[in-house]
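Engineer: Predicted model and sequence below, questions to follow.
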Amino acid sequence: IFKFLGAISVDLGQDRIKPYLPTILTPLYRELNSTYAEQDPTLKNLSQEIIELLKKLVGLEAFSLAFSSVQKQANQKRAMRKKQRALQTVANPDIAARRKLKRHKNKAETRKRKIESLRPMYKAKRHRSHALKDLAMVE
């Protein structure tokens, strides 16, 4: 898809690409700023190359305006999601408690996995299933 975006932008040319610049930059920006553990470095390099291509194609000023608008929009979405999560914690404490229990359980599993990788002879105890009954609230 990134190659397609680059080819389309070159094909459209400088004047006809400007209205579509924020739309093209959105996935490229998302790929550059992603913090996934299984991130593909070739995708990151490709997105960087296409951004450089767009910069040369439309000029630094138009590119900077579009890129800053994409950045601002991404930050607003991130802040909105964070706010929604905080509001959900207050509005639905049972869902928040379940999420917190799940997070703590995953953290413990990660810790056990890390210990096993560091000390191969050590075998940590593990739960057999990750069903919802394991996450049930105990009164």
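Structural biologist: Nice, I can see it.
Engineer: Go through the longest helix along the chain and flag the buried ones.
Structural biologist: Ranked by residue count under DSSP state H, the longest helix found in the chain is helix 60-91. For helix 60-91, the neighbour count (16 or more other C-beta atoms under 10 Å) marks 62, 63, 66, 67, 70 as buried. Glycine gets a C-beta too; all of them are placed from N, C-alpha and C.
Engineer: mind listing the helices for the protein?
Structural biologist: Under DSSP H, the chain gives helices at 2-17, 21-32, 41-58, 60-91, 93-118.
Engineer: got TSV for the ones you listed, with mean pLDDT too?
Structural biologist: Converted to TSV, those look like this (pLDDT from 0 to 100):
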stretch	mean pLDDT
helix 2-17	90
helix 21-32	92
helix 41-58	92
helix 60-91	93
helix 93-118	90
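Engineer: Residue 9 - nearest residue in space that isn't next to it in sequence?
Structural biologist: residue 17 (5.0 Å; C-beta to C-beta, 6 or more residues apart in numbering).
Engineer: Hmm, that neighbour is touching residue 58, no?
Structural biologist: Yes - contact criterion C-beta atoms under 8 Å: residue 17 and residue 58 qualify, at 6.2 Å.
Engineer: Many thanks, I have nothing further to ask.
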